[in-house]
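>>> generate coordinates for the sequence data below:
(4 chains)
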2 protein chains.
Amino acid sequence: MKYFDNHRNTRQRSVILEELQNLASHPTAAGLYEIVRHRQPNISLGTVYRNLELLTRLGLIQKLEVGGRQARFDGNADSHFHVQCVRCGRVDDIHAPPLDLLGGEGNDFSGYRILGYTLQFHGICPRCGKTSTNSKQEIDRC
Amino acid sequence: MKYFDNHRNTRQRSVILEELQNLASHPTAAGLYEIVRHRQPNISLGTVYRNLELLTRLGLIQKLEVGGRQARFDGNADSHFHVQCVRCGRVDDIHAPPLDLLGGEGNDFSGYRILGYTLQFHGICPRCGKTSTNSKQEIDRC
DNA sequence: AAAAATAACAGTAATAATTATCGGTAGTAT
DNA sequence: ATACTACCGATAATTATTACTGTTATTTTT
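Numbering: from 1, shown residues only, chains lettered A, B, ... in the order given. You can find the predicted model right below:
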């Protein structure tokens, strides 16, 4: 059970990971909690949050910061793209190279009628690039 | 003042829009509240939220659903791309065509050291596509 | 294998961001 | 000018997430 690094392999932890990996869609913490409860009726929502956070840190799953207030989780940690339904919030995978996707707006992928996309980069801003790597996180000045 | 459609052109509303449009960065609601208070000391945080929501609906600004728990707002409603600092959360614009950007990973844009990107599509999922357009928003079933 | 150490749990309280409520005020239309 | 009502400030409520606390279970030490 090298999976969890030097963290314990608890029943709750492995059930959370298994159930998430068996889903094609990408549930919220609360959504996965409902699913996991079928196998672990006494599990706590806090346990689901705690483990999703840990599994993300370990690189076994990914946390998706998509539209809406709730985060979503993907049992597949490999880099790929997502579609979110603007009406119900559901998130699915799109398996295609980015260049095909950007050229193919208006087409259908994964059964979705595609309306558009957002492309966000992440990196280190000029101000943070000047301070040492492990300095305390700065306040975003405007 | 056709700007606000058939909504009223209040002092608070126009100050919020003006101050947001004068910023190169993309503040949170709370961040913009602090800025707007210099001109409107008695303005309420709720008013800022309410108007940012309205201005987004009117298409005068955009709401950015980026990483972190707080939404951010962009005074420029035209389609373009964003970088977010992974350390401080600040968000800035990137002005370049998407194909250049995807090819140019590792380069610097807007002074940021770029670490990666996320590409998210939005559209209508198969299930929602079957129901009428103005039906109540469905619950995301998993 | 038993005892000690501690990671993780369930349950619950606290926090943070956002949204809703409510009485009063100020734009807008008649 | 008056009436109508959207909008305001202040505050309460809600929602998602995180932290706390006492207990349980896994691992390590003896």
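
>>> can you pull the residues of chain A lying near DNA strand C?
Proximity of chain A to DNA strand C, by C-beta under 7 Å from any atom of the strand, involves residues A:4, A:7-8, A:10, A:12-13, A:40, A:42-47, A:50-51, A:69. All C-beta spots, glycine's among them, are computed from the backbone N, C-alpha and C.

>>> out of those residues, which is most surrounded?
A:N51 (25 neighbours; other C-beta atoms under 10 Å in any protein chain shown).

>>> what strand or helix carries it?
In this assignment (DSSP states H and E), A:N51 forms part of helix A:45-57.

>>> for the record, mean pLDDT for that helix?
Over the span of helix A:45-57, the pLDDT mean works out to 97.

>>> so does that helix get close to DNA strand D?
Yes. Contact of helix A:45-57 with DNA strand D (C-beta under 7 Å from any atom of the strand) involves A:45-46, A:49, A:53.

>>> tell me which residues are up against that helix.
A:7, A:12-13, A:16-17, A:20, A:29-30, A:32-33, A:36, A:61-63, A:73 (C-beta atoms under 8 Å, 6 or more residues apart in numbering or on different chains).

>>> just the helices from chain A, written as ranges.
Here chain A has its helices, by DSSP state H, at A:11-21, A:29-36, A:45-57, A:98-103, A:126-130.

>>> turn those into TSV, columns for distance to B:F121.
Listed next are the helices of chain A as TSV, based on distance: least, C-beta to C-beta, whole Å:
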stretch	distance to B:F121
helix A:11-21	22
helix A:29-36	20
helix A:45-57	22
helix A:98-103	7
helix A:126-130	29
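
>>> convert the C-alpha atoms of the biggest strand by length in chain A to CSV, please.
Looking across chain A with DSSP state E, the single longest strand is strand A:112-124. Extracted C-alpha coordinates of strand A:112-124, given in CSV (Å, rounded to 0.1, in the frame of the first residue of the first chain):
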residue,chain,number,x,y,z
TYR,A,112,-22.1,18.4,-24.6
ARG,A,113,-23.1,21.3,-26.8
ILE,A,114,-20.0,23.5,-26.4
LEU,A,115,-20.7,27.2,-25.9
GLY,A,116,-17.2,28.4,-25.1
TYR,A,117,-14.1,28.0,-23.1
THR,A,118,-12.0,29.7,-20.5
LEU,A,119,-8.2,29.5,-20.6
GLN,A,120,-6.4,30.4,-17.4
PHE,A,121,-2.7,30.4,-16.7
HIS,A,122,-1.1,30.1,-13.4
GLY,A,123,2.4,31.1,-12.3
ILE,A,124,4.3,33.5,-10.1
